[in-house]
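>>> fold the following for me, if possible:
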Amino acid sequence: MPKNPIHPRATRRQACAALGALLLAAGAGSALADAAYPTKAITLVVPQAAGGANDVIARVVAQRLSEQMGQPVIVDNRPGAGGTLATAATARAKHDGYTLLLTADSAHVIGPALYRNPGFDPVKDFEPVAPVATAGYVLVANPSFPANNVAELIALAKARPGQYAIASAGNGTLNHLIGEQLQKAAGIQLQHIPYKGSAAAATDVVGGQVPLSVQSLPSSIAFIKGGKLKVLGVVNERRVAALPGVPTIGETLKGFGQAPWYALFAPAGTPAPIVARLQAEVARALDQKDVVERLASVGCEPFKGTSAQLAALVQSDLPKWARVVKDTGATLD
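The predicted structure follows:
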């Protein structure tokens, strides 16, 4: 018999102690990693094409975040299926803070009502980080179009139902849904022409291939200022600073109006310290004069808020847009 037998209970105690030490070490290592974040480039996924509001906002914010955080922040445009494809892919990305989603409300809270299987849950699959900006939206027309305001458009469209086309950035996008809302509110019928991005839609309205489109100001303001597009009305609930003399659609159609927003999300499970750091950095960026001025120059405004406020916004907008989809009868081609 051995002189110093090891009691089974002692062995278990030692094993448990060793396991505990390993877990503590792992936890400490994770905490150190979170504290050091970021140590490499961050990818900012934009689920829309280049040239649209989300892309423009993302590039303004990405540049400032890169300067503040000391690492490259790379904008990765991945358009398709109203933003749902890239949103679903980002939901499955590693939750370490290096793949983030800067998305429009259309992809996050409208897509789930339009698609039977969008591939993601906007609440369960993401950590809200922070709101980023709101954008001005306008109903624009080719300069040769006979109507010069919303009232004149309604009169034309009622006289010729289905004869006038309206371009959008694609099925399920915000400007698609706003166009559907406009038709329902005004009692008119327009022919929807989906494009692969707002820039392509705006270009064809400028070229005269399609007479009408709902556009974000970032994707259309250069054409507007250059006289290549005319504005029939502002979609937002209030007149926008970039076009102070242009009436809102709501001034003609009482109660009509939207306030499109853009926000930053991380995959679910991203460590809380990283989410908190990102929220703080976004708030800091939105306080910078150059960021405010660059956003204003394209018809956008900073939209500051907390992770909790963004989560509440998502929860309130999901049923609202589900009702819009149902009420307008919007369908995907």
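>>> domains for this protein, by residue range?
Here the domain assignment for the chain is 42-135+260-328, 137-251, based on the TED database.
>>> shaky segments in the chain?
Along the chain, the model assigns pLDDT under 70 to residues 1-33, 331-333.
>>> who's in contact with A36?
Neighbour list for A36: empty [criterion: C-beta atoms under 8 Å, 6 or more residues apart in numbering]. From N, CA and C alone the C-beta is placed, and that goes for glycine too.
>>> now it: phi and psi?
Here is the backbone geometry of A36 (degrees, to the nearest 10): phi -80, psi -10.
>>> what's the one helix or strand A88 maps to in contact with?
Assignment of secondary structure by DSSP states H and E places A88 within helix 84-91. Applying C-beta under 8 Å, 6+ apart, the set of residues contacting helix 84-91 from outside is 45-47, 78-80, 99-101, 103, 107-108, 111, 115, 118-121, 125-126, 172, 265, 267-268.
>>> in PyMOL, select just the buried ones from those.
Buried subset of these, written as a PyMOL selection, criterion 16 or more other C-beta atoms under 10 Å:
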select buried, resi 45+46+47+78+79+99+100+101+103+107+108+111+115+118+119+120+125+126+172+265+267
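>>> contacting residues for the residue positioned nearest the centre of the chain?
The C-alpha lying nearest the average C-alpha coordinate of the chain belongs to A104 (C-alpha atoms, centre = their mean; 1.4 Å). By C-beta under 8 Å, 6+ apart, A104 lies in contact with 47-48, 53-54, 83, 173-174, 260-262.
>>> so it bridges to which residues?
Y262 (DSSP bridges).
>>> and it, how far from T134?
The spacing between A104 and T134, counted by C-beta to C-beta, to the nearest Å, is 11 Å.
>>> same thing with K254?
Here K254 is placed at a distance of 22 Å from T134 (C-beta to C-beta).
>>> hey, where'd the strands end up in the protein?
42-46, 73-77, 99-104, 126-135, 137-141, 165-168, 191-194, 212-216, 230-234, 261-267, 300-302 (DSSP state E).
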